[in-house]
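Enquirer: Need a 3D model of the sequence below.
(one chain, ligands or ions: 1)
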Amino acid sequence: MTTMLEPDQAGIGGTTVKRIGIIGTGIMGADHARLLTGAVSGACVAGVFDLDAERAGGVAANSGGARVFTDPYMLINDDGIDAVLIASSDATHEQFVLACFAAGKAVLCEKPLSPTVEGCTRILEAEVAAGRRLVTVGFMRRFDPGYTDLKALLKEGAVGTPLMLHNVHRNPAAVPGLPSSALITNSAVHELDITRWLFDEEITEVTVHTPRATAEGGGTQDPQLLILRTESGVLSDVEIFVNARYGYEVRCELVAEAGTVTLDAPPPTSLRARGLHARELPADWRPRFAEAYRRELQDWIDGTDRGATAWDGFAATFVAAACVAALESGERHSVNLPEVPALYRR
Ligand code: ISE
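Expert: Here you go, the predicted model:
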């Protein structure tokens, strides 16, 4: 099929419209397609693939007539696709990222980069061998205005030396019987990444505490309290609770030597009526992080390259594995990350 658009000679950072291929058109793939089509400049959705062809067709129809591919590798290797967005199931990320490397195409991969340390290691090694950074990991909170303000205040010295970060991460409901480890690998992995990003240092030690589990979880250990220690001695605690029932909420408080910074749940508007002071909470993360997703995609399309790297994706999965080990053993675990490859040194 021919396209109206010229091939992007300059790669993802160039000036022409980037033709994006999306693999996986479930909740996240469909949301990214919507943003790329209507809220991000310099890009269009040119192709989609999903195991569910009907679902792919629906997203293609809403994306200005993108092509529906029946094979994900054909999408990756097609000359009419400049860059690839992977939003398929976690276990498939590795094979698609590696295929994008082989095709020399930039790729935005939803978190986690791979659910296993081994998978992340293979991706890291392949990218280091290629000698250039091609993959960005979808840790979108790095683009959330609240988190970026928090980091700016910390960096400009507004509150002095950081001591602690208290994080709250609640989802209204999860699949009954969800493996307890999924609270870490699927949800709290965001706080593992945010802790590394905010303090610009690695997590060196983790403990996971388990209170009485909610009856809503159907056997899942929910909630959990993770305690993370960083290289310089900051403690970051994470309450992860995925059957909190009342709504979706993410917030945190940074405690430092000269003050604190609180990141509250938006929106800034709240209602005072009938004796109540109320603020609406979303049902899931998409409205809460809508602006973060938009900024993340725009940054990727512009080639500004401020997103999480393969090293960040590797480190998050590596720390998550240590947290799962700590959950299972009930003991404190050290996190001994290997040396950062030169490609990722700042
Ligand atoms: C989900 O997969 C996400 O990535 C959301 O950002 C997170 O808040 C939620 O807990 C996860 O289930």
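
Enquirer: pLDDT weak spots in the stretch 1-150 of the chain?
Expert: When residues are selected by pLDDT under 70, those of the stretch 1-150 of the chain lie in 1-15.

Enquirer: In it, what residue comes closest to the ligand?
Expert: Lys111 (6.3 Å; C-beta to the nearest ligand atom). Yep, even glycine has a C-beta here, placed from its N, CA and C like the rest.

Enquirer: Now that residue: closest residue in space that isn't a chain neighbour?
Expert: Among residues not flanking Lys111 along the chain, Gly138 sits closest, at 5.1 Å (C-beta to C-beta, 6 or more residues apart in numbering).

Enquirer: Number of residues surrounding whichever residue of the stretch 101-250 of the chain sits closest to the ligand?
Expert: Distances between the stretch 101-250 of the chain and the ligand by C-beta to the nearest ligand atom are smallest at Ser187, namely 3.3 Å. Close neighbours of Ser187, defined as other C-beta atoms under 10 Å, add up to 22.

Enquirer: From Thr220, how far out is it?
Expert: Distance, Ser187 to Thr220, using C-beta to C-beta, to the nearest Å: 12 Å.

Enquirer: Find residues that contact each of these two.
Expert: Common neighbours of Ser187 and Thr220, counting by C-beta atoms under 8 Å, 6 or more residues apart in numbering, are Val242.

Enquirer: Flag every buried residue along stretch 249-261.
Expert: Of all the residues in stretch 249-261, those buried under the rule 16 or more other C-beta atoms under 10 Å are 249-250, 252, 254-256, 261.

Enquirer: tell me which of those is nearest to the ligand?
Expert: Comparing the buried residues of stretch 249-261 against the ligand with C-beta to the nearest ligand atom places Val250 closest, at 6.3 Å.

Enquirer: Figure out the helix or strand that the closest one lives in.
Expert: Assigned by DSSP states H and E, Val250 belongs to strand 249-256.

Enquirer: what pLDDT, on average, does that strand get?
Expert: For strand 249-256, mean pLDDT is 98.

Enquirer: Who are the packing partners of that strand?
Expert: helix 145-155, strand 162-170, helix 189-199, strand 259-263, helix 285-288 (3 or more C-beta pairs under 8 Å, 6 or more residues apart in numbering; DSSP states H and E).

Enquirer: Would you mind naming what in the chain lies close to the ligand?
Expert: For the chain, the contact set with the ligand under C-beta under 6 Å from any ligand atom comprises 171, 186-187, 190, 285.

Enquirer: Quick check: phi and psi at Cys109.
Expert: Geometry field for Cys109 lists phi and psi as phi -110, psi 130, criterion degrees, to the nearest 10.

Enquirer: Return the residues in contact with the residue most central in space within the chain.
Expert: Geometric centre of the chain, nearest residue: Phe139, 2.6 Å, by C-alpha atoms, centre = their mean. Applying C-beta under 8 Å, 6+ apart to Phe139 gives the contacts 111, 190, 193-194, 197, 307-308, 312-313, 316.

Enquirer: and if you look at Thr116?
Expert: 317, 321.

Enquirer: And the strands in the stretch 1-150 of the chain, which stretches?
Expert: 18-23, 43-49, 67-68, 83-86, 106-110, 135-138 (DSSP state E, counting those that start in this stretch).

Enquirer: Adjacent strands (with direction) for the first one?
Expert: The strands that strand 18-23 pairs with in its sheet are strand 43-49 (parallel), strand 83-86 (parallel) (by DSSP bridges).

Enquirer: Can you list the neighbours in contact with the longest one?
Expert: Meaning strand 43-49. Strand 43-49 has contacts (C-beta under 8 Å, 6+ apart) with 3, 5, 17-25, 29, 33, 36-37, 56, 59-60, 63-64, 66-72, 75, 78, 80-82, 297, 301.

Enquirer: Of those, just the buried ones, PyMOL syntax please.
Expert: Selection of buried members from the contacts of strand 43-49 for PyMOL, criterion 16+ other C-beta under 10 Å:
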select buried, resi 17+18+19+20+21+22+23+24+25+29+33+36+37+56+59+60+63+66+67+68+69+72+75+78+81+82+297+301
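
Enquirer: Okay, buried residues for stretch 151-162 please.
Expert: 151, 154, 159, 162.
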